[in-house]
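Participant: Sequence and predicted model, in that order:
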Amino acid sequence: IDLPEPVSDDMGAENIPLDVIYEDDALMVINKPQGMVVHPGAGHHSGTLVNALLYYSGEELSDVNEGERRGIVHRLDKDTSGLLLVAKTNLVHRRLAAALQKHEIVRIYETIVYGHFGEKAGIVDAPIARDKQNRQRMATAADGRPARTHFRLVSSLQHGSYLRVRLETGRTHQIRVHMKFIDHPVVADPIYAPNRENFGLSGQCLHAAELTFVHPLTKEAMRFTAPLPDWFTQTLDRLGYDESQRIHWPEEWPDEEFDE
């Protein structure tokens, strides 16, 4: 899992509302809103999820990642909404990080992309590296890190396609880069589709909808879902979504699709 380097150790707790989906002594599952940066960095020194977590939990956050990234096991981009795991202790943090590395944490996203698909499902298998011309971007590259993204068509829209996406790996901007790679960039993506119609959105139409994992201490199987935010459902309506035309897939993704 790629995390940018912290910029400074100047941290502060801030009273920012949090949507806590689940919490116990070991971890939290947060539903992050679109527009919230996960941790402080260049240009974002306050108003982040970590600032909110420090106020909410105080010292009950792992410090495996010192300074700006306390408690953060994996990231979501600023304008990607949805579910995020937070570790309260270092032991839990290390176990969750190991589970991510072994692809044992299932992360499913919902997105709207430009264009229409001939197939109803597919796998994008293309290595990802930082763009050599623009360090703010990622790109597919032969010398990049392995990256695999699985997608299923939920519904064809009048102006795009509604997809359900499962990450097999967790590279920076992975879904956004892979969708651009197959010529179906995420709607309103300011980096990978900057000159396309944004349908009134202020950032990419991408939502982390589902998180499934084994609890690192109790070994209980856990599954959490975050309903689509209003801005997402409004965009679906704007693009002509018809619930009666929705493709209903099995909940499970077949194991044979995934590299061990």
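Facilitator: Yes, it's here. Keep in mind that what you see is a predicted model, and the values were worked out from it rather than measured. Numbers count the residues shown, from 1 in each chain.

Participant: In contact with Arg176, which residues are there?
Facilitator: By C-beta atoms under 8 Å, 6 or more residues apart in numbering, the contact list for Arg176 reads Asp77, Met138, Pro185, Val186, Asp189, Ile191, Tyr192, Gln204, Leu206. Where C-beta positions appear, they are placed from N, C-alpha and C, glycine not excepted.

Participant: Next: Lys132.
Facilitator: Ala139.

Participant: mind running it again at 10 Å?
Facilitator: By C-beta atoms under 10 Å, 6 or more residues apart in numbering, the contact list for Lys132 reads Ala139, Ala141.

Participant: Next one: it relative to Asp143, how far apart?
Facilitator: Going from Lys132 to Asp143 by C-beta to C-beta, to the nearest Å gives 10 Å.

Participant: ok, now Arg238?
Facilitator: In terms of C-beta to C-beta, Arg238 sits 40 Å off from Asp143.

Participant: gap between the two ends of stretch 96-110?
Facilitator: By C-alpha to C-alpha, to the nearest Å, the extent of stretch 96-110 from end to end equals 23 Å.

Participant: how far does that stretch sit from the chain's center?
Facilitator: 11 Å (C-alpha atoms, centre = their mean, to the nearest Å).

Participant: What residues sit buried inside that stretch?
Facilitator: Using 16 or more other C-beta atoms under 10 Å as the test for burial, stretch 96-110 gives Leu96, Ala97, Ala99, Leu100, His103, Ile105, Val106, Arg107, Ile108, Tyr109, Glu110.

Participant: With stretch 118-126 instead?
Facilitator: Quick answer for stretch 118-126 (16+ other C-beta under 10 Å): Val124, Ala126.

Participant: and if you look at stretch 228-244?
Facilitator: Trp231, Phe232, Thr235, Leu236, Leu239, Tyr241.

Participant: which residues touch that stretch?
Facilitator: Outside stretch 228-244, the residues that reach it (C-beta under 10 Å, 6+ apart) are 31, 33-35, 81-82, 110-112, 154-162, 187-188, 198-203, 205-207, 209, 227.

Participant: Just the buried ones out of those residues, please.
Facilitator: 31, 34, 81-82, 110-112, 154-157, 160-162, 187-188, 198, 201, 203, 205-207, 209.

Participant: Point out where the stretch 51-200 of the chain drops to low pLDDT.
Facilitator: 66-67 (pLDDT under 70).

Participant: now the helices for it?
Facilitator: Using DSSP state H, counting those that start in this stretch, the helices found in the stretch 51-200 of the chain span residues 90-101, 174-181.

Participant: With only the CA atoms kept, save the shortest one in CSV.
Facilitator: Output of helix 174-181 as CSV, limited to C-alpha atoms (Å, rounded to 0.1, in the frame of the first residue of the first chain):
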residue,chain,number,x,y,z
GLN,A,174,-5.2,2.3,-8.8
ILE,A,175,-8.9,2.3,-9.9
ARG,A,176,-8.6,5.8,-11.5
VAL,A,177,-5.4,4.8,-13.4
HIS,A,178,-6.8,1.5,-14.6
MET,A,179,-10.1,2.9,-15.7
LYS,A,180,-8.2,5.5,-17.7
PHE,A,181,-5.9,2.8,-19.1
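
Participant: for Thr111, what are its contacts?
Facilitator: If you count contacts by C-beta under 10 Å, 6+ apart, then Thr111 has 80, 151, 154, 160-165, 175-176, 179, 184, 186-187, 189, 204-207, 209, 232 around it.

Participant: at 7 Å instead, please
Facilitator: Contact partners of Thr111, counting by C-beta atoms under 7 Å, 6 or more residues apart in numbering, are Leu163, Val165, Ile175, Val186, Cys205, Leu206.

Participant: how close does the second one sit to Asn15?
Facilitator: Going from Val165 to Asn15 by C-beta to C-beta gives 34 Å.

Participant: which of those two has more neighbours?
Facilitator: With neighbours defined as other C-beta atoms under 10 Å, Val165 and Asn15 compare such that Val165 has more, 24 against 9.

Participant: before we move on, back to that, out of the buried residues of stretch 228-244, which is nearest to Ile128?
Facilitator: Phe232 (24.8 Å; C-beta to C-beta).
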